[in-house]
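[1] what shape does this take:
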Amino acid sequence: MPAAYWYSGLVIVSLILLILALQHRKDWKLLVLHLSIFSIIHPFEVFVLATKGYMYKPGILIFPPGADNFLGAFISDLFIVPASAVVINAFSLSWRSTLCIATIFTCIDWFFTVIGIYQHFWWKSIYTGVGLIILYAISNWLWKGLKKQQQSLPFRLLIIHLTYFSLQSALFFVVNRGGQLFKLQIPNFQFSTPEIMAILASIYQLMLSITVVLSIGLRMPWLYRTLGIGAIVAVNWAIGYSGIFLPQVEITPYHLILFPVVAIALLIILFRAAKLDFLFP
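    Numbering: from 1, shown residues only. Next up is the predicted model:
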């Protein structure tokens with residue numbers, strides 16, 4: 001069976017699990033939790049991929065080099081792993097059930113290496129199981145915080161960041177298609193590998209996320225909020241001026257401003273649906 005079928009199956013199972021959880025709880029905070037889990041694990045995933053811990057082989061994106069590997073990471077980070085955490089919290093599963101789910105994922109990790117659609121280097125399947133147990137504990141803490149009537153300012157800012165970062169990252173990857181529209185590189189560096197580009201993209205997105213979170217999550221006059229727009233424009237000017245931004249088609253770094261605009265719009269819609277009054281206090 002082609003690798004693409006297995007990875008597509010993970011996406012389908014993830015969507016089914018998420019729909020079942022939303023139908024059971026009827027609470028859009030679960031989607032906020034889902035996206036937050038992505039933002040927790042994806043930077044760690046980029047680090048593991050950059051240090052050649054393992055490689056995904058979904059066989060979907062042939063070009064550019066390395067895009068297929070990171071597509072596999074997005075399928076794991078944005079779909080199946082967060083969906084499992086959402087199900088655990090939506091159905092209030094016991095720790096025994098949680099350990100069983102972590103064990104199942106550990107077995108899937110091992111099975112994918114056996115059939116050749118995923119390859120380990122220094123990573124081991126047991127690391128996946130241990131990491132998931134820790135992640136599920138974090139997700140339980142986040143879910144309890146989301147259900148509270150009153151949340152602290154640090155928690156609200158954290159949730160805004162985690163949700164916004166995931167929306168922005170997903171848009172960044174889907175629209176750019178793994179580097180077909182533009183790349184981020186280290187200027188005057190001869191070897192700009194996909195891993196280095198992914199690290200630069202994560203740093204860039206983190207800078208935007210911090211700017212957005214401070215602009216829409218803190219209580220301040222609207223005039224000061226507009227400074228966030230200026231900061232985003234300045235960041236995009238800087239990556240263009242310094243040569244970090246490398247267009248593959250006729251675009252400029254200022255086109256990247258559309259990412260935070262769309263991500264903020266989606267964030268507002270989701271938070272209203274989830275009844276989270278965290279934005280623009």
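[2] residue ranges in the chain under the pLDDT threshold?
    Within the chain, the set of residues satisfying pLDDT under 70 comprises 190-192.
[3] where do the strands sit along it?
    54-56, 118-120, 182-184, 245-247 (DSSP state E).
[4] helices of the stretch 151-281 of the chain, start to end?
    Along the stretch 151-281 of the chain, counting by DSSP state H, counting those that start in this stretch, helices occupy 153-176, 194-217, 222-241, 258-273.
[5] show me what the first one packs onto, helices and strands only.
    Helix 153-176 is packed against helix 29-50, helix 67-75, helix 125-147, helix 194-217, helix 258-273, with contacts defined by 3 or more Cβ pairs under 8 Å, 6 or more residues apart in numbering; DSSP states H and E. Bear in mind the C-beta positions are built from the backbone N, C-alpha and C, glycine included.
[6] wait, which of the ones you listed is closest to A231?
    Using Cβ to Cβ as the measure, helix 194-217 is the one of the helices and strands packed on helix 153-176 that comes nearest A231, at 4.8 Å.
[7] tell me how far that closest one lies from the chain's centre.
    11 Å (Cα atoms, centre = their mean, to the nearest Å).
[8] what's the separation between P221 and P2?
    56 Å (Cβ to Cβ, to the nearest Å).
[9] between these two, which has more neighbouring residues?
    P2 (11 against 7; other Cβ atoms under 10 Å).
[10] pretty sure the more buried one is touching K57, no?
    No. P2 is beyond contact range of K57, at 10.6 Å (criterion: Cβ atoms under 8 Å).
[11] out of the strands of the chain, which gets nearest to N69?
    The nearest among the strands of the chain, by Cβ to Cβ, is strand 54-56 at 5.1 Å.
[12] dump the strands of the chain into TSV; add distance to F111 and mean neighbour count as well.
    Listed next are those as TSV, based on distance: least, Cβ to Cβ, whole Å; neighbours: other Cβ atoms under 10 Å:
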stretch	distance to F111	mean neighbour count
strand 54-56	14	21
strand 118-120	9	18
strand 182-184	34	21
strand 245-247	38	18
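[13] export the ones you listed to a markdown table and tack on distance to I37?
    Below are those laid out as a markdown table (distance: least, Cβ to Cβ, whole Å):
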| stretch | distance to I37 |
| --- | --- |
| strand 54-56 | 18 |
| strand 118-120 | 20 |
| strand 182-184 | 25 |
| strand 245-247 | 30 |
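[14] list the contacts for K52?
    Listed by Cβ atoms under 8 Å, 6 or more residues apart in numbering, the contact partners of K52 are F121, W122.
[15] and the gap between it and Y136?
    27 Å.
[16] L214 and L223, how far apart?
    Taking Cβ to Cβ, one finds L214 at 15 Å from L223.
[17] tell me which of the two has more neighbours.
    L214 (18 against 7).
[18] that one touches L227, doesn't it?
    No. Using Cβ under 8 Å, L214 is not in contact with L227; the gap is 9.3 Å.
[19] among the strands of the chain, which is nearest W237?
    strand 245-247 (9.7 Å).
[20] any idea how far stretch 177-192 is from the chain center?
    That offset, for stretch 177-192, works out to 20 Å (Cα atoms, centre = their mean).
[21] which positions in that stretch come out as buried?
    Neighbour-count burial for stretch 177-192 flags G178, G179, F182, K183, L184, Q185 (criterion: 16 or more other Cβ atoms under 10 Å).
[22] give me the contact list for it.
    Outside stretch 177-192, the residues touching it (Cβ under 8 Å, 6+ apart) are 61, 63-64, 66-68, 70-71, 175-176, 194, 196-197, 200-201, 204, 239, 242-249, 251, 256.
[23] and what of stretch 140-150?
    With Cβ under 8 Å, 6+ apart as the criterion, stretch 140-150 contacts K29, V32, L33, S36, I37, I88, N89, Q151, F155, I159, A274, L276.
[24] let's see 6 Å
    Outside stretch 140-150, the residues within contact range by Cβ atoms under 6 Å, 6 or more residues apart in numbering are K29, L33, S36, N89, Q151, F155.
[25] chain center to that stretch, what's the gap?
    20 Å.
[26] and for stretch 106-117?
    On Cα atoms, centre = their mean, the centre of stretch 106-117 falls 23 Å from the chain's centre.
[27] quick check: buried residues in that stretch?
    T106, I108, D109, W110, F112, T113, I117.
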